[in-house]
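>>> sequence plus predicted model, see below.
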Amino acid sequence: MSNTPKPLDGLRVLDLSRILAGPWAAQMLADLGADVIKVERPGVGDDTRGWGPPYAKPEGSQDRGEAAYFMGANRGKRSLAIDLKEPEGQALVRDLAAKSDILIENFKVGDLARYGLDYASLKEVNPQIIVCSITGFGQTGPRASQAGYDLMIQGMAGLMSITGAADGAPGGQPMKVGVAVVDILTGLNSAIAILAAVTERASTGKGCHIDMALYDVCAASLANQALNYLISGNAPGRMGNLHPNIAPYQTYAAADGHLILAVGNDSQFRKFCTVAGLTDLPDDPDFATNSARVANRPALNAMLDAAFLNRPRDEWLDSLNAVGVPCGPINKIDEVFADPQAVARGLVRNLPHGLLGTAPTVSCPIRYDGEAPVSPRAAPLLGEHSAEVLTSILDLDEESVSALIEKGIVQKGA
């Protein structure tokens with residue numbers, strides 16, 4: 001697909017967002033072919049440029065290098081370092097917005113209006129522009145003015161209340177997910193909303209303002225747990241690795257390590273019992289159906305815990321996979337990328353980078369006709385494309401760009 005037009009070729013995106021949710025949405029659009037211009041603060045850039053270690057740098061370099069965190073959410077973009085606090089900087093971004101399709105931002109509610117860069121202002125210069133605003137709590141409601149980071153939203157919107165070991169169990173306490181999953185989900189939902197707005201614009205000729213809130217996304221992503229509460233009236237609690245609606249669907253300790261068993265229906269349970277030598281269980285009324293197994297989970301697990309300890313992990317995995325029972329190991333991240341499946345799918349790519357020569361990235365997970373869209377470059381250096389953007393899009397001459405750099409309005413990358 002790298003040699004053919006990508007789905008979003010021709011779309012231009014201004015990415016004024018920082019941290020993860022907005023940059024993730026913009027990175028997805030860049031993977032799909034959009035020209036994404038990341039607008040950053042001179043001298044500092046996106047906050048995550050300083051979120052390390054680890055940092056990537058050429059061997060022997062004494063400079064700090066590039067933060068892995070930043071590189072993971074900004075591939076395929078061009079960096080324009082420009083001072084939005086200065087009227088000249090604001091005017092330049094406004095001129096870019098007039099020639100862009102989409103703007104993504106995560107400023108506090110009302111902040112961009114002070115710069116004349118909010119949706120109400122921008123639609124006057126570009127009625128077709130789509131502005132996606134990402135905040136902790138949205139543009140309305142009593143918490144709209146509050147800042148919101150992923151960790152606090154995981155707590156406030158219920159995710160931590162169902163994540164981690166149960167009270168009374170070893171280590172039982174609320175637990176966050178191992179990555180900033182609410183930011184990631186908000187980025188993906190934002191990308192979906194943006195593409196829907198692009199489709200609508202094709203028929204109406206008008207842009208729109210998209211209001212995305214981490215809080216809303218987290219609550220909506222509670223999925224079956226949210227409906228478990230809304231239907232039953234009982235708020236779910238933490239269950240460790242147990243599943244509230246399915247059994248057996250959890251981790252088990254084998255003779256030499258842990259594995260995951262994910263039985264999704266009664267047929268799979270019968271196959272599992274044959275492998276485990278528990279052939280009476282599928283016909284026992286206490287365990288014959290999923291509902292019965294959920295109701296009798298403690299008794300079921302007493303038997304399964306004892307059975308799993310009798311064999312090594314890999315022996316279990318081989319036997320269960322042979323009969324089509326879903327199961328798997330619990331891999332460390334190094335094991336993930338070394339797995340033949342990850343290698344076959346090309347999950348790790350190396351892209352051109354302005355400082356490092358090439359830099360690794362995790363490939364876009366989308367496949368079109370068997371190929372993943374590949375961004376043309378790794379994450380940019382701060383201000384790496386400032387002059388390029390201003391000359392190619394706004395038609396500024398070199399003298400004008402040099403004057404902006406000299407005044408500190410624009411930073412040019414090294």
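That came through, no problem.
>>> now stretch 13-25 - C-alpha only, CSV.
Extracted as CSV, the C-alpha positions of stretch 13-25 are listed here (Å, rounded to 0.1, in the frame of the first residue of the first chain):
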residue,chain,number,x,y,z
VAL,A,13,-4.7,18.2,9.5
LEU,A,14,-3.5,20.8,12.0
ASP,A,15,-2.6,19.0,15.2
LEU,A,16,-2.6,21.5,18.1
SER,A,17,-3.0,18.8,20.7
ARG,A,18,-0.5,17.5,23.2
ILE,A,19,0.2,14.4,25.3
LEU,A,20,-1.7,11.3,23.9
ALA,A,21,-5.4,11.4,23.0
GLY,A,22,-5.2,14.1,20.3
PRO,A,23,-1.8,13.1,19.0
TRP,A,24,-3.0,9.5,18.8
ALA,A,25,-6.0,10.5,16.7
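>>> so residue 33 makes contact with residue 7?
Yes: counting by CB atoms under 8 Å, residue 7 is a contact partner of residue 33 at 5.8 Å. In this view, the C-beta of every residue, glycine as well, is placed from N, C-alpha and C.
>>> more crowded one of those two?
Legend: neighbour count by other CB atoms under 10 Å for residue 33 and residue 7, higher for residue 33 (19 against 16).
>>> once you drop chain neighbours, what's closest to the more buried one?
Spatial nearest neighbour of residue 33, chain neighbours left out: residue 6 (2.8 Å); criterion: CB to CB, 6 or more residues apart in numbering.
>>> and the one you found, how far is that from residue 99?
Applying CB to CB, to the nearest Å, the value for residue 6 to residue 99 is 20 Å.
>>> so for these two, which residue has more residues nearby?
residue 6 (19 against 13).
>>> residue 109 contacts residue 144, doesn't it?
Yes: using CB under 8 Å, residue 109 is in contact with residue 144, at 5.1 Å.
>>> what residues are shared contacts of those two?
Listed as contacting both residue 109 and residue 144 by CB atoms under 8 Å, 6 or more residues apart in numbering are residue 135.
>>> show me the shaky parts of the protein.
1-3, 414 (pLDDT under 70).
>>> in it, what residue sits furthest out from the centroid?
For the chain, the residue at maximal distance from the C-alpha centroid (CA atoms, centre = their mean) is residue 280, at 44.4 Å.
>>> so how far is stretch 260-268 off the chain centroid?
Centroid separation between stretch 260-268 and its chain, computed with CA atoms, centre = their mean, to the nearest Å, is 28 Å.
>>> could I have it exported to PDB, CA atoms only?
In PDB, the C-alpha atoms belonging to stretch 260-268 read as follows (Å, rounded to 0.1, in the frame of the first residue of the first chain):
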ATOM      1  CA  ILE A 260      -5.100 -17.800  30.100                       C
ATOM      2  CA  LEU A 261      -8.100 -20.000  29.500                       C
ATOM      3  CA  ALA A 262     -10.900 -18.300  27.600                       C
ATOM      4  CA  VAL A 263     -13.900 -20.600  27.200                       C
ATOM      5  CA  GLY A 264     -16.600 -18.700  25.400                       C
ATOM      6  CA  ASN A 265     -19.300 -21.400  25.000                       C
ATOM      7  CA  ASP A 266     -20.500 -24.800  26.200                       C
ATOM      8  CA  SER A 267     -19.000 -26.600  23.300                       C
ATOM      9  CA  GLN A 268     -15.500 -25.200  24.100                       C
END
